[in-house]
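> my questions are about this predicted structure, shown below with the sequence.
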Amino acid sequence: MNPSTLSLANQRGLAVDSKALNSLNAQAGKDARSAIKETARQFEALFMQELLKSMRDASMKSGLMDSEEGDLGTQLLDQQWAQMMTGIPGGLSEMIEKQLSQQVSPASPAGAGQQSDASVRATPGALRPTASQANFVNQHRDAAQQVSRETGIPASFMIGQAGHETGWGRGEIRHADGSNAFNLFGIKAGPGWKGKVAEVTTTEYVNGEPRKMTAKFRAYDSYADSFRDYARLISNSPRYAQAMQNLHSVQGFASSLQQGGYATDPQYAAKLSRAINATLNLQRAQA
């Protein structure tokens, strides 16, 4: 085929794909179920188009009736046939639709300005929560949900981060006498902190290398106070403004916290994402 004719065919195909993608993108924001169905149909159409092309390529051609215009017409005809052959009950699109539906969690309405846990998607393939994680989530569910109603930060995000910071309760910050400092989020006591303090040895990363250091951390009277102080820090600090814009995305939220300097660990976002996903999966299993 002449290169100019091939280019024209590709341009036409891309124009159709671009319009379809724009339409699907707009539809997804309004009706996720319908968008999934149409996406599955489009995938099946692409598969059928490639199948028809392979069949034609494998067939014998005399060459007597071949022409650039004929090749272009055949390509466009195959596209139409592929569209007409999709959506048949029991076909490939149904299988794709079921698979996509399993990866998308239905959103439930939340209060004004609040992001509910049900509307946050867990990453597919996240590890199954352990017994210690389940106990930790159950222990702090009420306090986290109360703060979530007040601030809009999903309870699962806060519990997941608290779980990561404390090793799911196994490594909580304590005072020198062994009493609990109730600091679930590893928030340090800076010059502006006027409350109680717990001084402990911690691991900090300097130029990507872990080092043991002694640092002062904030101490509270209860876990509920820890959740409130954390939410106040995240909500009011300009460093974490982007995190507050990513309450719909586990990875987006975790990455924004790392970019804001919440922790020095270069792998913090990935580790935090895993902890939040474990919390989300556990909460949905118990729902």
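Thanks, I have the structure now. All values reported here derive from a predicted model rather than from experimental measurement.

> quick one: E50 is in a strand?
No - in this structure, E50 is helix, not part of a strand, as judged by DSSP: H, G, I helix; E, B strand; the rest coil.

> what's the burial count for it?
For E50, the count of nearby residues is 12 (other Cβ atoms under 10 Å). Glycine gets a C-beta too; all of them are placed from N, C-alpha and C.

> separation between it and I234?
Counting by Cβ to Cβ, to the nearest Å, the gap from E50 to I234 is 48 Å.

> what's the answer for F136, then?
In terms of Cβ to Cβ, F136 sits 20 Å off from I234.

> also A241?
Distance, A241 to I234, using Cβ to Cβ: 9 Å.

> equivalent analysis for N277, please.
Distance from N277 to I234, counting by Cβ to Cβ: 19 Å.

> cool, Q258 as well?
As defined by Cβ to Cβ, Q258 lies at a distance of 13 Å from I234.

> which one's more surrounded, the two?
Neighbours were counted for Q258 and for I234 using other Cβ under 10 Å; I234 has more, 25 against 19.

> so which strand or helix has that one?
Following DSSP states H and E, one finds I234 within helix 223-236.

> do F253 as well
Following DSSP H and E, one finds F253 within helix 250-259.

> got the CA coordinates for that helix in PDB?
The C-alpha trace of helix 250-259 is given here as PDB (Å, rounded to 0.1, in the frame of the first residue of the first chain):
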ATOM      1  CA  VAL A 250      -4.700   6.100  47.900                       C
ATOM      2  CA  GLN A 251      -1.600   6.500  45.800                       C
ATOM      3  CA  GLY A 252      -2.200  10.200  45.200                       C
ATOM      4  CA  PHE A 253      -2.700  10.900  48.900                       C
ATOM      5  CA  ALA A 254       0.400   8.900  49.900                       C
ATOM      6  CA  SER A 255       2.600  10.500  47.200                       C
ATOM      7  CA  SER A 256       1.500  14.000  48.200                       C
ATOM      8  CA  LEU A 257       2.400  13.400  51.800                       C
ATOM      9  CA  GLN A 258       5.900  12.200  50.800                       C
ATOM     10  CA  GLN A 259       6.400  15.200  48.500                       C
END
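
> neighbouring contacts of that helix?
Residues from elsewhere that reach helix 250-259 (Cβ atoms under 8 Å, 6 or more residues apart in numbering): 120-123, 157, 161, 234, 240, 242-243, 245-247, 263, 268-270, 272-273, 276-277, 280.

> can you flag the buried ones in these?
120, 122, 157, 161, 234, 240, 243, 246-247, 263, 268-269, 272-273, 276-277, 280 (16 or more other Cβ atoms under 10 Å).

> please narrow these to those residing in helices.
Judged by DSSP state H, helices contain the following of the buried ones among the contacts of helix 250-259: 157, 161, 234, 243, 268-269, 272-273, 276-277, 280.

> wait, which of these is closest to R211?
Y268 (15.6 Å; Cβ to Cβ).

> got the contact list for stretch 178-192?
Applying Cβ under 8 Å, 6+ apart, the contact partners of stretch 178-192 are 140, 161-162, 165-166, 172-175, 195-198, 202, 215-223, 225-227, 229-230, 233, 263.

> how about 6 Å then?
Under the criterion Cβ atoms under 6 Å, 6 or more residues apart in numbering, residues 162, 165-166, 173-175, 197-198, 215-220, 222-223, 226, 230 lie in contact with stretch 178-192.

> please enumerate the helices of the chain.
So, for the chain - with DSSP H - the helices run 3-30, 32-58, 68-84, 92-103, 131-151, 155-166, 223-236, 241-244, 250-259, 268-286.

> now do the contacts for the closest residue to H164 other than its chain neighbours.
Setting aside the residues directly before and after it, H164 is nearest to A275 in space (Cβ to Cβ, 6 or more residues apart in numbering), at 3.8 Å. Shown in contact with A275 (Cβ under 6 Å, 6+ apart): 160, 163-164.

> cool, S235 as well?
So S235 contacts T151 (Cβ under 6 Å, 6+ apart).

> G160 against L280, yeah?
No - G160 is beyond contact range of L280, at 7.5 Å (criterion: Cβ atoms under 6 Å).

> report pLDDT for P238.
Looking at P238, its pLDDT stands at 96.

> report how many residues lie close to it.
Applying other Cβ under 10 Å, we find 7 residues neighbouring P238.
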